[in-house]
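1. sharing a model that was predicted from the sequence below.
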Amino acid sequence: MKILFASSEVFPFAKTGGLADVAGALPLAFKELGHDVRVVMPKYKSIEKHSESIHDTGKQISVPIGQETQTGRILEGRLFESAPIYFLENNSYYQRDYLYGEHYQEYPDNAARYIYFCRGILEACKAMDFKPDIIHCNDWQTGLIPVYLKTLYNEDLFFKDTGTVFTIHNLAYQGNFWHLDIPLAGLPWDVFHIDGVEFYGKFSFLKGGLIYSDVLTTVSKSYKDEICTPEHGFGMEGVLRSREKDLFGILNGVDYTKWNPANNPWIKKNYGLENLIGKQDCRDDLIQELGLKVDKKTPIICFVSRLCYQKGFELLKEGMQYIMKQGFAFVGVGTGQSEYQQYFHDLPKLFPGKCATFVGYKEVMAHKTLAGSDMLLLPSQYEPCGLTQLYALKYGAVPIVRSVGGLRDTIQNFSMNSKKGTGFKFRGFAIPHLHRSIKRAVDVFKDQPVWKQLIINGMKKDYGWGRSAEEYLKLYKSVLDRKKSSNNGQTFGLN
Ligand code: ADP
Ligand code: GLC
């Protein structure tokens, strides 16, 4: 099958969160299964670091943006020396320090930047003479691809057999712009209505993806159900319910070639189920690096995340005194909302020697922190899938999570009786619930042989991409079958 995987961020080229991890790993799983998969993303400034392995294809694209035409080269590299990855260049749009905005402000031309990306992808397919069977779109930045295919490119024979899958990684980010961006996108006004891209008077790229793509997926089964409710639907629940039969939950996976303490090059000592002792070295290393004053009996709990409402930061803040009273040491790694960053910045002063925080985004810090910690706290308000708790399982950092979305689906509550389970879950988004889980965790930690069993339960879990990739492929096939039968009933120029 020919698959084009479109994402606004792809690890290791550009990353702000889990989407990049998915886009940097899932295509490799398709490739391993023998498919012709290619990835496409904007050529951001951060890609310069990889310029040695990237070449100019000699092809370029032209995209009308309102009255003007923007052009740019198509560059090509390899995703981990495997699948081809195309970078759409346009220096006026993408040669910036950040991906989506800076100083807590979105870039004001984000509509134009991702119009260029979406339409540019279709133009790039033609320029490269790559006719995808499936274009797999991810989040709002790619939401206009299915819209274009069903409008401006509807009669284009090049895409006659191309189907679309749109994956929702996070419904809160919608790419809603003012209505006058409709002509900027070159779209006809008849897409701007309640069953099209209109969303409370705005032009919604996300809604475009939700309405116009052949099928929809999201990244866990629980989140799939949750987004059809007002509580988690961010206003899109009606649209999603109307497409319920085309909406599927496929859990994310983990790339264990990168997220694995047995081979990660950044941690002090590699370890795994057979040689757990290395985890102790990683713990000692983290303690030393961060200048913590703790002994073996002190459990280290960490929080590695974007600092935002979604991740339950308010609950973390409220619960911090209690956590520290239970005798924990706390390590925080994150970037995000300014007031949360300030809180993180000031926190170590309140608990000298027992708390260290790193405000910034550094891949190596995430690995070192998970390897050196005993527990990971993730009290999310909502969580489409969550990858960090899956990484934590493999790194032997026991997850304490709120039972929501993908956290609910991937972590099993530990039972003292059966000694089964991989972590601690609580349901209510409220302090007493958080406290109870923290207390249970600290009690089990005191019984080190049982704690070891709990760690082993988690490390044994296999959330590799293989199973999810198979599920996506099945879905792709069903889209193509559907396409074929509807094409048979349709008169295309050459039929
Ligand atoms: P989300 O996509 O909502 O941020 P995920 O759990 O799916 O959540 O993925 C988060 C990814 O981003 C993980 O790879 C995690 O290690 C990484 N990450 C988040 N914050 C930081 C940070 N400050 N430093 C390094 N890595 C981070
Ligand atoms: C989003 C979600 C996260 C998910 C990630 C990758 O950013 O917040 O839960 O794991 O996308 O799908």
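-> Nice, I can see it. Just so we're clear, the structure is a prediction, and the values are computed from it rather than from any experiment. Ligands and ions are numbered 1, 2, ... in the order given.
2. which bits of the stretch 251-400 of the chain sit near ligand 1?
-> 304-306, 333-335, 361-363, 365-366, 385-388 (Cβ under 6 Å from any ligand atom). C-beta: built from backbone N, CA, C; applies to glycine.
3. change it to 8 Å
-> Counting by Cβ under 8 Å from any ligand atom, the stretch 251-400 of the chain comes close to ligand 1 at 252, 259, 304-307, 310-311, 333-335, 358, 360-363, 365-367, 370, 378, 383-391.
4. what's the PyMOL syntax to select whichever of these are buried?
-> In PyMOL, this line selects whichever of these come out buried by 16 or more other Cβ atoms under 10 Å:
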select buried, resi 252+259+304+305+306+307+310+311+333+334+335+358+365+366+367+370+378+383+384+385+386+387+388+389+390+391
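5. so which of the residues of the stretch 251-400 of the chain next to ligand 1 belong to helices?
-> Among those, DSSP state H puts 363, 365, 366, 367, 370, 388, 389, 390, 391 in helices.
6. list the contacts for the second one?
-> Put plainly, it is residue 365. Applying Cβ atoms under 8 Å, 6 or more residues apart in numbering, we find residue 365 in contact with 304, 333, 358.
7. which residue does the stretch 101-250 of the chain bring closest to ligand 2?
-> The stretch 101-250 of the chain approaches ligand 2 most closely through residue 169 (3.4 Å), counting by Cβ to the nearest ligand atom.
8. tell me where the stretch 301-450 of the chain has helices.
-> For the stretch 301-450 of the chain, the helices defined by DSSP state H, counting those that start in this stretch cover 313-325, 338-350, 363-372, 388-395, 405-410, 431-446, 448-460.
9. dump the ones you listed to CSV, plus distance to residue 208 and mean pLDDT.
-> Output for the helices of the stretch 301-450 of the chain, formatted as CSV (distance: least, Cβ to Cβ, whole Å; pLDDT from 0 to 100):
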stretch, distance to residue 208, mean pLDDT
helix 313-325, 31, 97
helix 338-350, 31, 97
helix 363-372, 32, 98
helix 388-395, 30, 98
helix 405-410, 24, 98
helix 431-446, 38, 98
helix 448-460, 39, 98
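10. quick check: which of the ones you listed is nearest to ligand 2?
-> Comparing those by Cβ to the nearest ligand atom, helix 405-410 comes nearest, at 5.8 Å.
11. other SSEs contacting the closest one?
-> helix 221-226, helix 388-395 (3 or more Cβ pairs under 8 Å, 6 or more residues apart in numbering; DSSP states H and E).
12. can you list contacts of the last one?
-> Helix 388-395 is touched from outside by 18, 252, 254, 256, 259-261, 279, 304-305, 366-367, 370-371, 373, 376, 378, 398-399, 401, 407, 410-411, 422-423, 458-459, 461, 463, with contacts defined as Cβ under 8 Å, 6+ apart.
13. just stretch 453-462 next, same as before
-> 272-273, 276, 279, 390, 392-394, 396, 398-399, 414, 419-423, 444.
14. quick one, which of those residues are buried?
-> Among the contacts of stretch 453-462, those scoring as buried are 279, 390, 392-394, 396, 398-399, 414, 421-423, 444 (criterion: 16+ other Cβ under 10 Å).
15. before we move on, back to that, make CSV out of the helices of the stretch 301-450 of the chain and add distance to residue 468.
-> Formatted as CSV, these follow (distance: least, Cβ to Cβ, whole Å):
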stretch, distance to residue 468
helix 313-325, 28
helix 338-350, 31
helix 363-372, 21
helix 388-395, 12
helix 405-410, 12
helix 431-446, 28
helix 448-460, 19
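16. quick check: closest non-adjacent residue to the residue in the stretch 51-200 of the chain positioned nearest to ligand 1.
-> Residue nearest to ligand 1 within the stretch 51-200 of the chain (Cβ to the nearest ligand atom): residue 170, separated by 6.4 Å. With Cβ to Cβ, 6 or more residues apart in numbering as the criterion, residue 170 has its nearest non-adjacent residue at 5.5 Å, and that residue is residue 384.
17. how about the one you found, phi and psi?
-> Taking degrees, to the nearest 10, you get phi -50, psi -50 for the backbone angles of residue 384.
18. which residues touch it?
-> 168, 169, 170, 171, 218, 219, 220, 223, 405, 406.
19. now do the contacts for the second one.
-> Neighbour list for residue 169: 18, 19, 22, 138, 139, 218, 219, 384, 385 [criterion: Cβ under 8 Å, 6+ apart].
20. low-confidence bits of the stretch 1-150 of the chain, can you list those?
-> Nowhere does the stretch 1-150 of the chain drop to pLDDT under 70.
21. identify the farthest-apart pair in the buried ones among the contacts of stretch 453-462.
-> For these, the farthest-apart pair by Cβ to Cβ is 390 and 444; their separation is 20.6 Å.
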